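here is my input, please return the structure:
(one chain, ligands or ions: 1)
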Amino acid sequence: MQKDEVLRLLRDPNLIHPEKLTLLSNIAAQAASLNMPCYVVGGFVRDLLLRQPVNDLDIIVEGDAIKLGNQLVKTYGGRLTVHQKFYTAIWHLPDTFNLEPSTLDLITARKETYEKPGALPTVTPSTIEEDLRRRDFTVNAMALRLDGEGFGEILDPLKGQTDLERGVIRVLHPKSFIDDPTRVFRAIRYEARYGFVIEPETASLINPESLSVLKRLSGERIRHELDLILDEDEAAQMLARVAGFGVLGAVHPKMPEFNQENKDYLEMDARLDVPADKRAMGYALWFMELSEADVLSIAARLDFTNELTLAVWAASQLWRGLPHLVGSKPSVWTYALEKLPLLSIYAVYLILRENDLLSYISIWRHVKPRTTGNDLKARGVPPGPRYGEILLRLRSAWLDGELTHETEEKELLEKLL
Ligand code: ATP
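Below you'll find the model as predicted:
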């Protein structure tokens, strides 16, 4: 793309926030004053050329990112965290910039070598071209120059622009997925997000050899990739593709396919007072029909937090146990459901459409007697388990429709005392 056109896109406030553009110009000015070639790379360039709003700024410097960082702090304020070993710095932006996120990574162009498939790479400083070669896909391997006269020039040695126009996701070399199998998930994410296709030769590299490396990835790294998929609008389509490539079996032998009939439920309904955790909802829907042993085994493989394990486990328990509750009184429903995370209950409601679950979420769980522990104390009830019993009895009476007015509660209380 011509420089004029790039500059026009950079000035489009629908694509890049004006504050962000100011930040880029400031970085450009300081890099130029140090005669230091400086670029923004990766997703920023990809999204800008696709004329989509840009997100994170990834800044790469040929030379010394720490030196540029110090100069930025000296000129504009904020502070710097330095990682000498990796030749990188984090610039904590001054408050006056008013930007989210409020930090910016400054990275020295680097070369990476993978000593062992799937392990983290060894890093040495290098040129921008080498830096682009270590990236995942051609569409992510472009740089936009920031310093001096070059401002707005696109560096595209791996023909990312052609692939953007064709709508293909292509790795840079045949060993890419073996070096880093998390790229399999990334390819699937970009493909569905942009309506692209994974180029056939690249797709053929998602094969038993790379899947055997993926099998050895840590639970944390795999879960992170699945989390990112669940964050996306086209998550269900992506999960179908994950299954289609045979990735699920490599993660865990009991990992099921995501049921595509449930795809609309991945978008949380904000009208209900249920925590809108799209990831937890995604996993609860995905694993609900598994046995307890399989849920726990997959949760361990994916290194779920205790909270997430509980949410998924509770959904599967409730899904299986629901027939025993159907037809119960509201108080029975309420005391059974109160032990479970709300999100799990809602997930089961979405699948089984049992109306009593919705009554619990929107009404029953809020029902409380007017009488409190203090009232019982004032009435001279001696401390002990009687408090809980009385309050529970009153609450059940409200829930089950035995009481409809406060005076009736008082009458019942008199009988109980
Ligand atoms: P997204 O919109 O999904 O966040 P992004 O391109 O900003 O896309 P990041 O994960 O923030 O994605 O990564 C920034 C850049 O770093 C990518 O564009 C890519 O060039 C490079 N990159 C990230 N992960 C990898 C990887 N596993 N292997 C190689 N390069 C990677």
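
contacts, neighbours, all on C-alpha from now
Will do.

contacting residues around stretch 219-230?
Stretch 219-230 is touched from outside by 182, 185-186, 189, 235-236, 238-239, 251, 266, 278-279, 282, 300-304, with contacts defined as Cα atoms under 8 Å, 6 or more residues apart in numbering.

near the ligand, which residues of the stretch 1-150 of the chain are found?
By Cα under 6 Å from any ligand atom, the part of the stretch 1-150 of the chain that sits against the ligand consists of 42, 43, 56, 134, 135, 136, 140, 141.

write the ChimeraX selection for whichever of these are buried.
A single ChimeraX command selects the buried members of these (16 or more other Cα atoms under 10 Å):
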select :42,43,134,135,136,140,141
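
quick check, nearest of the residues of the stretch 1-150 of the chain next to the ligand to residue 410?
Taking Cα to Cα as the measure, residue 410 lies nearest residue 56 of these, at 60.7 Å.

surely that closest one is in a helix?
No - judged by DSSP: H, G, I helix; E, B strand; the rest coil, residue 56 forms no part of a helix; its state is coil.

spatially nearest residue to it (excluding sequence neighbours)?
With sequence-adjacent residues excluded and distances taken as Cα to Cα, 6 or more residues apart in numbering, residue 56 is closest to residue 44, at 6.5 Å.

pretty sure that neighbour is in a helix, no?
Yes - counting by three-state DSSP, residue 44 falls inside a helix.

torsion angles phi and psi at residue 220?
phi -60, psi -40 (degrees, to the nearest 10).

the helix or strand hosting residue 392 packs against which elements?
Using DSSP states H and E, residue 392 maps to helix 386-399. Using 3 or more Cα pairs under 8 Å, 6 or more residues apart in numbering; DSSP states H and E, the elements in contact with helix 386-399 are helix 330-337, helix 373-378, helix 406-416.

tabulate those helices in TSV, adding columns for mean pLDDT, distance to residue 362 and mean neighbour count.
Shown next, in TSV, are the helices and strands packed on helix 386-399 (pLDDT from 0 to 100; distance: least, Cα to Cα, whole Å; neighbours: other Cα atoms under 10 Å):
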stretch	mean pLDDT	distance to residue 362	mean neighbour count
helix 330-337	97	11	19
helix 373-378	92	25	13
helix 406-416	92	21	13
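
to residue 388, which of those helices lies closest?
Taking the helices and strands packed on helix 386-399 one by one with Cα to Cα, helix 373-378 is closest: 8.4 Å.

all strands of this protein, in order?
Assigned by DSSP state E, the strands in the chain fall at 38-41, 58-61, 79-83, 88-92, 103-108, 110-113, 122-125, 143-145, 154-155, 168-169, 197-198.

tell me which of those sits most buried.
Neighbour counts (mean count of other Cα atoms under 10 Å) averaged over each of the strands of the chain peak at strand 38-41, with a mean of 28.

what's in contact with it?
Defining contact as Cα under 8 Å, 6+ apart, one finds that strand 38-41 is touched by 28, 31, 57-62, 140-147.

rewinding a little: among the helices and strands packed on helix 386-399, which is nearest residue 165?
Among the helices and strands packed on helix 386-399, helix 330-337 comes nearest to residue 165, with 52.0 Å by Cα to Cα.

what residues are up against residue 275?
By Cα under 8 Å, 6+ apart, residue 275 lies in contact with 342, 343.

sorry, back to before: what sits against the residue nearest to residue 56?
Applying Cα under 8 Å, 6+ apart, we find residue 44 in contact with 54, 55, 56, 57, 58.

contacting residues for the second one?
Taking Cα under 8 Å, 6+ apart as the contact definition, residue 55 lies against 43, 44.

can you give me the pLDDT of it?
Residue 55 is assigned 85 on the pLDDT scale.

how near is it to residue 189?
Remark: distance between residue 55 and residue 189 (Cα to Cα, to the nearest Å) = 16 Å.

and which of the contacts of strand 38-41 is nearest to the ligand?
Taking Cα to the nearest ligand atom as the measure, the ligand sits nearest to residue 140 out of the contacts of strand 38-41, at 4.3 Å.

so residue 148 makes contact with residue 32?
Yes - here residue 148 reaches residue 32: they are 5.0 Å apart, a contact under Cα atoms under 8 Å.

about what we covered before: now render the helices and strands packed on helix 386-399 as TSV, adding distance to residue 125.
Formatted as TSV, the helices and strands packed on helix 386-399 follow (distance: least, Cα to Cα, whole Å):
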stretch	distance to residue 125
helix 330-337	57
helix 373-378	68
helix 406-416	75
